[in-house]
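need a 3D model of the following:
(one chain, ligands or ions: 2)
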Amino acid sequence: MTAVAPKPEPTETQSAREIERLLQPINEFLQCRTPGAWLEQAKKPENLPVLLRDHMVCELKAAQSAMLLIRRYAVDEESGNALLAWLKPYEDYTYRLVGNWRELGKHNKLNKRMVPKSERPYSQELIDKMVLLIKEELHHFYQVLEIAQELGIEYDKLTSSRYARGLLTHVRTYEPAALIDKLICGAYIEARSCERFAAIAPHVDERLGQFYISLLRSEARHYQDYLTLAEQIAGDDISDRIAFFGEIERDLIESPDPDFKFHSGLPA
Ligand SMILES: [Fe+2]
Ligand SMILES: [Fe+2]
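Ligands and ions are numbered 1, 2, ... in the order given. As a prediction, the model looks like this:
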């Protein structure tokens, strides 16, 4: 009988290769890399609180926009209410500073089966992908809170950056074009987050850096989920629309932006 050798830990080269593999399609999708000047700001210890607080809010916003998509496009009213109730404690804590953050870990579950609106062919697909995404984003939200606490950074409210608004303002106003555009914006936000996590990871506290790398895996899938849904719903080539939002996204990243945040532009 041969002894079973314990599974070896991944070596540094293996992890570097995995990160490279995850980042390659993301960097091909995005039209530019994070400017060095933004990274210089992100490395400064005095900017860590704003980076972490904003990151935390971004995780909640990612959950909220996925929830809005399901409620608006895919489910009946009762299911929509269950979704609202699911996110409420997180929103209370973030926007109204109500509740104890440690309790939030207990709310990472949706207690009701989602009932699709029958007339839309893509409802089930949208529900399945977005419910899983919400679950993961809420978990990330909690993880950011945990790390911030460890690092002695208390949560405080902050203004939102121009980034998501800057993309969503170009969403067309008729369906299904509006839905397709929102999904493409979702893909860009997720992809940029991945690119930034990888860029900052080597320059922050080691545990925080490892956390950023762990986020790469789930956010890389999220960006692809958004794109696949957009393509399925369009049932047609959407590369022009993807390129259109890609240019807007690049401009938001490369143009001067005095408000330093997780997704901000060139530090002014
Ligand atoms: Fe996330
Ligand atoms: Fe995500």
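
how about the chain: which residue is closest to ligand 2?
Here the residue of the chain nearest ligand 2 is residue 222; by C-beta to the ion that distance is 3.7 Å. Using the backbone N, CA and C atoms, a C-beta is placed for each residue, glycine as well.

what residues are up against residue 255?
265-266 (C-beta atoms under 8 Å, 6 or more residues apart in numbering).

all helices of the stretch 101-250 of the chain, in order?
For the stretch 101-250 of the chain, the helices defined by DSSP state H, counting those that start in this stretch cover 101-104, 123-150, 163-168, 177-200, 206-234, 239-254.

so which elements touch the shortest one?
Counting contacts by 3 or more C-beta pairs under 8 Å, 6 or more residues apart in numbering; DSSP states H and E, helix 101-104 packs against helix 77-96, helix 123-150.

just the second one next, same as before
Based on contacts counted as 3+ C-beta pairs under 8 Å, 6+ apart, the elements that helix 123-150 packs against are helix 48-73, helix 77-96, helix 101-104, helix 206-234.

swap in the last one?
Judged by 3+ C-beta pairs under 8 Å, 6+ apart, the packing partners of helix 239-254 are helix 163-168, helix 177-200.

point out the most buried one among these.
Across these, averaging neighbours per residue (mean count of other C-beta atoms under 10 Å) puts helix 177-200 on top, at a mean of 22.

what does this structure have sitting close to ligand 1?
Contact residues, the chain versus ligand 1 (C-beta under 5 Å from the ion): 59, 137, 140.

surely the first one touches residue 136?
No - counting by C-beta atoms under 8 Å, no contact exists between residue 59 and residue 136, whose distance comes to 9.1 Å.

of these two, who's got more company?
Neighbour count, other C-beta atoms under 10 Å: between residue 59 and residue 136, residue 59 has more, with 24 against 20.

what's the nearest residue to that one if we skip its chain neighbours?
Spatial nearest neighbour of residue 59, excluding adjacent residues (C-beta to C-beta, 6 or more residues apart in numbering): residue 141 at 4.0 Å.

hmm, back to that, any chance of the helices and strands packed on helix 101-104 in TSV, with mean pLDDT too?
Shown next, in TSV, are these (pLDDT from 0 to 100):
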stretch	mean pLDDT
helix 77-96	90
helix 123-150	91
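
which of those sits closest to residue 39?
Residue 39 lies closest to helix 123-150 among the helices and strands packed on helix 101-104, at 19.5 Å (C-beta to C-beta).

the closest one close to ligand 2?
No - Helix 123-150 stays clear of ligand 2 (C-beta under 5 Å from the ion), getting no nearer than 5.5 Å.
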